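> Predicted coordinates and the sequence they were generated for:
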Amino acid sequence: MIVVNTHSQDACDVKSPPVPEKHPRPAEAPSPRVESALPPPPPYSPPAGPSRVPEPTPVRSEPIFQPHNPQTVNRFEVFSKHAPVSGTYLIDPALPSPTSGLSCRMCREQDRAWGESHHKSDVHASFTTRHGALTLDLALVAPPFAYGREPTRVDVHSQHGRILLDVHDAAPSRALDLLVETAYGKITVYLPPTFSGPLVIGTHHGNASLLPSLAARTRTLRATDSETLCVVSAPGQPPNALVDIKATDPGQDRALVRSKHGKILIGISGVDREPEAARGGGLFETLGRILESQGAAFGTYVAEGRRASWRGS
């Protein structure tokens, strides 16, 4: 028996609802890009090399015989066999010093040079070498409200070295008592502008000259082959002004400059200048330079020998 399923036929005839067509969705606008709040990166630069550590500032040492800074001294002595001595020294006789009495030998020599046999006072500053040059810039200083004129004794001595001494200033309450001498070296001395008093120049085989500003204030009293006695008047006074060179007042300037074989040149500080022609030097100055250099070389040789012996021991 064949059974016909009518329900399936009807089911097949029933139409399903139409499927709506799929339309493409409109393209959405791209969402705005959130910008970063950080700043833009720096431009490209090549990698730097290894960083250099800054070099430390070199510390400048202070040599004993050639100080860089001005030194205020009193009863001060420097002695060197071969090393040159230079520097700026402010000499103050009122400065307390524990070395009082150590300059008796120099004081006796200075008294004998002036024909004095009695001891007057200590030397306030003494500079001595055997073969080294002396290049000194001096000033005589005093505390405020100082009265009178206290003698300030300065001794500069070298055996074979050259001497260049410039006393550029002197306080009104200070009187310069100066002794400068060499055996073979050349001497150049500039006296302070306020200098007033006797000036003795001694030379045996050399020659002595006064620069123009000093010569205009100087009168010669006595001259021999080995010594010349002059008197220097105060600034503004004529050369023939009356000056008592034998005055008992110790507050008077005086200077004694002498050399056996070297040339002597004296002027006023800040006014006179050494002429170019005089800087060449003569035979004795050349000999002094040779002895000075040989002495310095010998001193270096002795020092090296001592160091070698210390290392060996």
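Arrived safely. As the structure is a prediction and not an experimental result, all values here were calculated from the model.

> Convert the strand or helix carrying A255 to CSV, retaining C-alpha atoms only.
Secondary structure assigned from DSSP states H and E places A255 in strand 254-259. Taking C-alpha atoms only, strand 254-259 is exported to CSV below (Å, rounded to 0.1, in the frame of the first residue of the first chain):
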residue,chain,number,x,y,z
ARG,A,254,122.4,107.1,52.4
ALA,A,255,123.6,104.6,49.9
LEU,A,256,126.9,102.9,49.3
VAL,A,257,127.4,101.0,46.0
ARG,A,258,130.7,99.4,45.1
SER,A,259,132.1,96.7,42.8
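
> Tell me the strands beside the helix or strand containing V189, with direction?
Taking DSSP H and E as the definition, V189 sits inside strand 187-191. Looking at strand 187-191 with DSSP bridges, its partner strands are strand 163-170 (parallel), strand 264-268 (parallel).

> contact partners of it?
Strand 187-191 is touched from outside by 162-168, 176, 178, 180-181, 199, 214, 232, 255, 257, 259, 262-270, 272, 274, with contacts defined as C-beta atoms under 8 Å, 6 or more residues apart in numbering. Bear in mind the C-beta positions are built from the backbone N, C-alpha and C, glycine included.

> So among these, which ones count as buried?
With neighbours counted using 16 or more other C-beta atoms under 10 Å, those contain these buried positions: 162-167, 176, 178, 180-181, 199, 214, 232, 255, 257, 259, 262-269, 272.

> ok now do the closest residue to R174 other than its chain neighbours, which residues does it touch?
In space, not counting the residues next to it along the chain, R174 is nearest to L140; the distance is 3.9 Å by C-beta to C-beta, 6 or more residues apart in numbering. Under the criterion of C-beta under 8 Å, 6+ apart, the contact list for L140 reads I91, D92, T152, V167, D169, A170, A171, R174, L176, P192.

> how close does the nearest residue to P143 once chain neighbours are set aside sit to V123?
Excluding its sequence neighbours, the residue lying closest to P143 (C-beta to C-beta, 6+ apart) is A94, at 5.9 Å. Taken as C-beta to C-beta, to the nearest Å, the spacing of A94 relative to V123 amounts to 15 Å.

> repeat for P172
Relative to V123, P172 is positioned 22 Å away (criterion: C-beta to C-beta).

> out of those two, which sits in the more crowded spot?
When neighbours are counted by other C-beta atoms under 10 Å, V123 comes out ahead of the other of P172 and V123, with 23 against 12.

> where exactly do the strands run in the stretch 101-250 of the chain?
Taking DSSP state E, counting those that start in this stretch, the strands of the stretch 101-250 of the chain run over residues 125-129, 134-140, 150-158, 163-170, 174-182, 187-191, 197-203, 208-210, 218-223, 227-232.

> out of those, nearest to A83?
Using C-beta to C-beta as the measure, strand 125-129 is the one of these that comes nearest A83, at 7.5 Å.

> Neighbouring strands - and their directions - for the closest one?
On the basis of DSSP bridges, the sheet neighbours of strand 125-129 come out as strand 76-80 (parallel), strand 150-158 (parallel).

> Now for V271: which residues touch it?
P193, S213.

> Going by neighbour count, which residues in stretch 148-158 are buried?
Of the residues in stretch 148-158, those buried under the neighbour-count criterion (16+ other C-beta under 10 Å) are R149, E150, P151, T152, R153, V154, D155, V156, H157, S158.

> Can you show me the CA trace of that stretch as PDB?
Extracted in PDB, the C-alpha atoms of stretch 148-158 (Å, rounded to 0.1, in the frame of the first residue of the first chain):
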ATOM      1  CA  GLY A 148     109.900 110.400  62.600                       C
ATOM      2  CA  ARG A 149     112.200 108.700  60.200                       C
ATOM      3  CA  GLU A 150     113.500 105.300  61.200                       C
ATOM      4  CA  PRO A 151     116.500 104.000  59.300                       C
ATOM      5  CA  THR A 152     115.900 100.900  57.300                       C
ATOM      6  CA  ARG A 153     119.100  99.000  56.700                       C
ATOM      7  CA  VAL A 154     119.300  96.800  53.500                       C
ATOM      8  CA  ASP A 155     122.300  94.800  52.400                       C
ATOM      9  CA  VAL A 156     122.700  93.300  49.000                       C
ATOM     10  CA  HIS A 157     125.900  91.300  48.200                       C
ATOM     11  CA  SER A 158     127.100  88.900  45.500                       C
END
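
> so how many other residues sit close to the nearest residue to A171 once chain neighbours are set aside?
Using C-beta to C-beta, 6+ apart and skipping the chain neighbours, the partner closest in space to A171 is A142 (3.9 Å). Other residues lying near A142 total 19 when counted by other C-beta under 10 Å.
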